[in-house]
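K.L.:
coords please:
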Amino acid sequence: MVKKASSFAALSGLVYSTDSGRHCPDCGAPVAACICKQTQIPEGDGIARVRRETKGRGGKTVTTVSGVPLAEEPLKELASVLKKRCGCGGSLKDGVIEIQGEHVELLLEELLKRGYKAKKSGG
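P.N.:
Just a heads-up that it's a prediction; the model follows:
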């Protein structure tokens, strides 16, 4: 008597392969050829909101830019450009650009110059 495998690996198709390296868990394509992450543009009204935050950061001031209507890779490039413009560090977390320090006016000016709709948010 032959038993059939009823595990998840048997249902998903690919079990294990080292031919093309890592695979995307969503589409199953190799990470280099994955298109599901690149084409996802966050939903929203298309207005970039710039605000200054200090809560949960040990008293340090961080300027955040959220709501920019870009996919992940162009958003990383924009974050890099904004960090260079401000002359400081920062990061990109969950679609929100975080720039170290208080640079609200400078970032608003730069985003408007690059053609994005931007406005100051918060206090």
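K.L.:
need the longest helix for the chain.
P.N.:
Counting by DSSP state H, the longest helix found in the chain is helix 72-86.
K.L.:
Averaged pLDDT, it. What do you get?
P.N.:
Mean pLDDT, computed over helix 72-86, is 93.
K.L.:
packing partners for it?
P.N.:
Here helix 72-86 touches strand 90-93, strand 96-100, helix 104-113, going by 3 or more C-beta pairs under 8 Å, 6 or more residues apart in numbering; DSSP states H and E. From N, CA and C alone the C-beta is placed, and that goes for glycine too.
K.L.:
Contacts made by that helix with the rest, please.
P.N.:
Around helix 72-86, the neighbours that count as contacts under C-beta atoms under 8 Å, 6 or more residues apart in numbering are 37-38, 40, 65, 68, 70, 89-92, 95, 97, 99, 101, 103, 106-107, 110, 114.
K.L.:
Distance from it to the middle of the chain?
P.N.:
Between the centre of helix 72-86 and the centre of its chain there are 11 Å (C-alpha atoms, centre = their mean, to the nearest Å).
K.L.:
biggest strand in the protein, by residue count?
P.N.:
Counting residues, the longest strand in the chain under DSSP state E turns out to be strand 47-53.
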